[in-house]
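> just a sequence and a predicted model for now, questions to come.
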Amino acid sequence: MAAEKEAEDSRQSRRGTVCNIVISQEMHQNQPVIFNPDFFVEKLRHEKPQVFVELLLSNITRLIDLPGAEFAQLQGEADPKLPVSTGFLRLPSFLKRKDKGVVFGAPITEEGIAQIYQLIEYLGKNLHVEGLFRVPGNSIRQQALREMLNSGADIDLETGDYHPHDVATLLKTFLGELPEPLLTHRHYHAHLKIAEMMMFDESGNKTSVPNKERQIEALQLLFMLLPPANRSLLKLLLDLLYQTAKQQDKNKMSAYNLALMFAPHIIWPKNVTANDLQDNLKKLNSGIAFLIKHSQKLFRAPSYIKEHARTHFAGSKTPQSKDDLELYAGVVNRSLLPTKRSSEEHDAGQEHTQDALRELFNHVTNMPDSTKKKKLIRQFNKQGTPVRECPRPSSQKHGRSRSFGGLIKRKVLGNQLLTERTETGITQTKEMTKGNGASSIKRTPLSPAQQSSLSLP
């Protein structure tokens with residue numbers, strides 16, 4: 001009992017490791033494995049699947065020309081018309097294992113992905129091995145490893161009992177024994193059409209230069225139509241092959257070389273040979289190489305799909321294609337631009353407010369020192385007014401009193417001082433500096449006309 005409980009705990013732990021990479025739901029609730037982190041896209045997928053599928057199909061047909069029969073196959077309304085084998089089968093039925101386990105030869109499940117992820121994780125640490133995925137491994141070790149995976153065991157591949165070539169070959173075997181290719185029979189003709197997407201010259205003639213932008217957009221839409229388990233495993237596999245190709249200087253495996261190794265396992269129809277595919281063989285190999293090179297962009301929803309999903313639940317106008325999104329964005333941007341008149345009115349109002357604040361602050365600073373004045377200054381500073389109260393020098397006397405007696409004294413003393421200035425021909429004008437309260441004396445000689453106009457009171 002203890003051993004069974006430990007094995008179950010290890011399986012749950014491994015399953016949690018996969019879920020850290022692939023956000024997933026329980027299969028018995030028919031919830032798909034989710035790659036797209038956009039909340040509203042997934043909300044639309046789960047709550048309104050019919051609307052979601054129709055949205056994707058309408059945009060796929062906008063990008064690629066699918067005849068009626070092929071479009072019906074993509075929708076699942078007709079059986080796929082695939083090449084028929086005329087020679088030796090790639091995997092004869094009498095060579096298949098009769099006792100199919102939970103992993104090999106069975107449809108893709110979440111439990112099967114958790115088991116196969118052990119192989120993918122180990123290979124991700126050994127990408128430097130030369131000839132990875134090309135050099136075959138030891139058949140005896142592969143058979144032992146296969147049985148352990150089928151039994152649901154947790155395998156420690158770091159012990160050195162298995163070589164990376166054993167694990168890489170077994171991963172290809174798993175893909176080759178799936179009942180249906182990883183990219184599915186329904187999508188076979190769509191991938192051929194995507195491989196034919198080319199640029200057009202100025203005269204409107206088709207060139208031999210691939211239109212990568214439209215190819216990526218079409219693949220993003222097509223991948224969102226894949227069964228959830230297929231999409232999950234495809235993401236893990238393409239990430240592994242992408243990292244492998246990045247180290248081709250060590251392992252000698254470019255993206256195209258990897259495509260040659262994996263195209264028969266993930267896109268070729270079952271039970272066919274290279275001769276059966278004829279002219280489509282080059283398209284299929286180039287298509288898989290394209291998937292590997294651009295794998296980091298293919299599992300994102302196009303921007304207009306995200307916008308449609310968001311606005312669908314917001315109840316506003318929903319752009320359904322790339323053209324609608326550009327038009328919609330243009331209208332929104334124009335509506336957000338302020339008019340010249342409103343901008344001028346805003347500037348004028350702001351200038352008036354600044355003048356009023358400046359006048360109020362000057363009035364406060366001219367008030368005699370008191371607790372109320374300090375409180376008002378602090379309020380101005382707290383509200384972000386750029387003017388600060390400067391401290392008075394300790395040696396400076398307090399400002400003159402504004403009492404009634406003080407006004408009389410200043411009036412009398414001011415007249416006497418004016419008489420003295422008239423006799424000496426010099427006037428002293430006292431100006432109070434508003435910022436720090438300091439006084440400055442400015443001596444200005446009087447003209448003869450000013451002297452004659454002055455008289456004693």
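Received, thanks.
> what mean pLDDT does stretch 296-306 get?
For stretch 296-306, the mean pLDDT works out to 92.
> for it, measure first residue to last.
18 Å (C-alpha to C-alpha, to the nearest Å).
> with stretch 201-215 instead?
Rule used - C-alpha to C-alpha; the end-to-end distance of stretch 201-215 is 17 Å.
> so what touches it?
L63, I194, A195, M197, M198, M199, F200, F290, H294 (C-beta atoms under 8 Å, 6 or more residues apart in numbering). Bear in mind the C-beta positions are built from the backbone N, C-alpha and C, glycine included.
> got the contact list for the closest residue to the last one other than its chain neighbours?
Using C-beta to C-beta, 6 or more residues apart in numbering and skipping residues adjacent in sequence, the residue nearest H294 is I216, 5.8 Å away. By C-beta under 8 Å, 6+ apart, the contact set of I216 is H294, K297, L298.
> which of those residues has the most neighbours?
Using other C-beta atoms under 10 Å as the neighbour criterion, L298 leads the contacts of I216 with 20 neighbours.
> excluding its backbone neighbours, what's nearest it?
L219 (5.1 Å).
> ok, the one you found - contacts?
Applying C-beta under 8 Å, 6+ apart, the residues near L219 are I194, L291, H294, L298.
> out of those residues, list just those in strands.
Using DSSP state E, no member of the contacts of L219 sits in strands.
> dump the residues you listed to CSV, plus distance to K48.
Formatted as CSV, the contacts of L219 follow (distance: C-beta to C-beta, whole Å):
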residue, distance to K48
I194, 26
L291, 29
H294, 29
L298, 24
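> closest to E110 among the residues you listed?
Distance to E110 across those (C-beta to C-beta) is lowest for L298, with 21.4 Å.
> so the closest one touches L222, yeah?
No: taking contact to mean C-beta atoms under 8 Å, the distance of 9.0 Å between L298 and L222 leaves them out of contact.
> how about W268: what's its closest non-neighbour residue?
P181 (6.4 Å).
> which of the three states applies to the one you found?
Three-state call for P181 (DSSP: H, G, I helix; E, B strand; the rest coil): coil.
> and the one 3 residues further on, by the same measure?
For T184, the reduced secondary structure class is coil; criterion used: three-state DSSP.
> before we move on, back to that, part of a helix, is the residue nearest to H294?
Yes: using three-state DSSP, the assignment for I216 is a helix.
> could you report the pLDDT at it?
96.
> that one and K373, how far apart?
I216 sits 68 Å away from K373, going by C-beta to C-beta, to the nearest Å.
> where exactly do the strands run in the chain?
Going by DSSP E, the chain shows strands at 198-200, 206-210, 426-432, 439-445.
> least reliable of those going by mean pLDDT?
Looking at the strands of the chain, the bottom one is strand 426-432 with a mean of 44.
> E196 and K283 touch, don't they?
Yes: E196 is within contact range of K283, at 7.1 Å (criterion: C-beta under 8 Å).
> give me phi/psi at the residue nearest to W268?
P181 adopts backbone torsions of phi -60, psi 150, taken as degrees, to the nearest 10.
> which residues are in contact with it?
So P181 contacts Y188, H265, I266, I267, W268, P269, K270 (C-beta under 8 Å, 6+ apart).
> next one: G137
The contact partners of G137, taken as C-beta under 8 Å, 6+ apart, are Y162, H163, H165, D166, V167, A168, T169, L170.
> pLDDT weak spots in this structure?
1-37, 77-101, 315-356, 380, 382-457 (pLDDT under 70).
> of the contacts of I216, closest to L236?
Taking the contacts of I216 together and measuring to L236 by C-beta to C-beta, the closest member is L298, at 13.1 Å.
> need the phi and psi values for that closest one.
According to degrees, to the nearest 10, L298 has phi -80, psi -10.
> contacts only, for it.
Listed by C-beta under 8 Å, 6+ apart, the contact partners of L298 are I216, L219, Q220, F223, L238, L291.
> and for L258?
By C-beta under 8 Å, 6+ apart, the contact list for L258 reads F133, L241, T244, A245, I288, A289, I292.
> buried subset of the contacts of G137?
Y162, H163, H165, D166, V167, A168, T169, L170 (16 or more other C-beta atoms under 10 Å).
> could these be laid out in TSV, adding distance to S139?
Shown next, in TSV, are the buried ones among the contacts of G137 (distance: C-beta to C-beta, whole Å):
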residue	distance to S139
Y162	12
H163	12
H165	11
D166	9
V167	13
A168	14
T169	9
L170	10
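> tell me which of those fall in helices.
H165, D166, V167, A168, T169, L170 (DSSP state H).
> burial of the closest residue to the fourth one other than its chain neighbours, as a residue count?
In space, and not counting its chain neighbours, A168 is closest to F133: 4.8 Å by C-beta to C-beta, 6+ apart. For F133, the neighbour count with other C-beta under 10 Å is 23.
> tell me which residues touch F133, please.
Applying C-beta under 8 Å, 6+ apart, the residues near F133 are A168, T169, K172, T244, M253, L258, M261, F262.
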